[in-house]
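S.K.: Sequence plus predicted model, see below.
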Amino acid sequence: MKAVTLVIALLAIALAAGCGTKKGFEKPGFAFGCPVGESKISSMEDLVKAKVAKEGSKSPDVEIEEIRCTTTGDLMKIDVVVHNDESDVERLQYKFRWMDAEGMRAADEESWKPLLLYGNSRQTVTTIAPNAKARDFKFIFMGQE
Amino acid sequence: MTSTSFALFRLPSVLVLATALALTACGGPKTKYGDAGSVETVTNQFGSTDLQMLAEQMSQSMLSEAPVISSGNLPIVTVQEVKNKTSEYIDTRAITNRMRATLQKSRKVRFATDQAEMQKQIDEIQRQQSEYYDQNKSTEVGKMVGAGFRVSGEITSIVKEDKNIKDVYYQLFLSMTNIQTGIEEWSDTKEIRKTTEK
């Protein structure tokens, strides 16, 4: 009986610690490791809305599923998961736009990079900030002309 | 000649001039400025998008994966030749120049004078040793700093073609070696595949 109580108590502590850590991991002004400033980001969907922009007239039929950020040294590292849930191949182009802490451009505009997504597939686009001044970003994509 | 007859006399030449102008405007070549960073797919030969993509991806790999750079020690690097082993003309120096600019702006790497620039460097030092210069303000001989690391590599391609399709595959390989120890500190390959249906 004592052992059962002990196991239950341990489980409760572990659960509480787990729930507590999720919030504890995030620094204020960050969501999923990504800088969000004053914006209220409570889900991955909110983060994607805040960090992704479509440009051009040809909109590819893909979904940006996840964005996660971390740092390597003093440079921001980003993973963006792009999902093509249609059976056709999708061709898009993307780039990142980097801003400093004041919202000014932290680097030159990147060139567009082509990306091919097979039908019903996911690809993770990874990048690293061009310099330590780059404190925020936008993932920009559009269909290939 | 009255003013009316003068106007009638001039009319054909005015018409010729107007027609010439109209033809030039309609049929002549049109030039527009474009986006230097746009995806270029004019042919499947090595193009601007390939150059930009390879340079950017390699710079990012060096920044994140090369321990001597990501540790923030500000290593001094020299860029050696990147051999072009493809069947087409590729200015590999354009790739490494772009990488150099990106890495320098990151303030994580410093670049020493490489072999291609060495003669210009020597010429300038020697020029400053001449009698025309104030020797107290001139660059001294023997003060250049040698690199601790060297970057070199090669670009290769595989081309396959039949009557309907042409497939080109490029691979850029780069490595960074510690000059003192000979230990390779970082290496990476980046690939591009382009297919053209005829």
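M.R.: Nice, thanks for sending it over. Numbering: from 1, shown residues only, chains lettered A, B, ... in the order given.

S.K.: Look up which helix or strand B:Gly153 falls in, please.
M.R.: Under DSSP states H and E, the secondary-structure element containing B:Gly153 is strand B:149-161.

S.K.: what about the next helix or strand after that strand, near chain A?
M.R.: The element immediately downstream of strand B:149-161 (helix or strand, assigned by DSSP H and E) is strand B:165-178. No: looking at strand B:165-178 against chain A by CB under 8 Å from any CB of the partner chain, there are no contacts, and the closest approach is 13.5 Å. Where you see a C-beta, it was placed from the backbone N, CA and C, and this is true even at glycine.

S.K.: tell me the mean pLDDT for stretch A:102-113?
M.R.: Stretch A:102-113 shows a mean pLDDT of 95.

S.K.: thinking again about what came up before, how about the strand holding B:Gly153: buried residues?
M.R.: B:Phe149, B:Arg150, B:Val151, B:Ser152, B:Gly153, B:Glu154, B:Ile155, B:Ser157 (16 or more other CB atoms under 10 Å in any protein chain shown).

S.K.: do stretch B:114-126 as well
M.R.: Buried residues in stretch B:114-126, counted by 16+ other CB under 10 Å: B:Asp114, B:Ile125.

S.K.: With stretch B:127-140 instead?
M.R.: Applying a neighbour-count criterion of 16+ other CB under 10 Å, one finds B:Gln128 buried in stretch B:127-140.

S.K.: One more: stretch A:41-55?
M.R.: Of the residues in stretch A:41-55, A:Ile41, A:Met44, A:Leu47, A:Val48, A:Ala50, A:Lys51, A:Val52 count as buried by neighbour count, 16+ other CB under 10 Å.

S.K.: surely the third one meets A:Phe30?
M.R.: It stands for A:Leu47. No: if you go by CB atoms under 8 Å, A:Leu47 and A:Phe30 don't touch, sitting 10.1 Å apart.

S.K.: Check the contact lists of these two and give me the overlap.
M.R.: The contact sets of A:Leu47 and A:Phe30 overlap at A:Val36 (CB atoms under 8 Å, 6 or more residues apart in numbering or on different chains).

S.K.: how close does A:Glu145 sit to B:Thr195?
M.R.: Using CB to CB, to the nearest Å, we find A:Glu145 at a distance of 17 Å from B:Thr195.

S.K.: show me where the chain has strands.
M.R.: Went with chain A since none was named. Secondary structure of chain A (DSSP state E): strands at A:30-31, A:34-35, A:52-54, A:63-72, A:75-84, A:90-99, A:113-117, A:121-128, A:136-143.

S.K.: Hmm, no, I was thinking of chain B.
M.R.: If DSSP E is used as the criterion, the strands of chain B fall at B:76-84, B:110-111, B:149-161, B:165-178, B:184-197.
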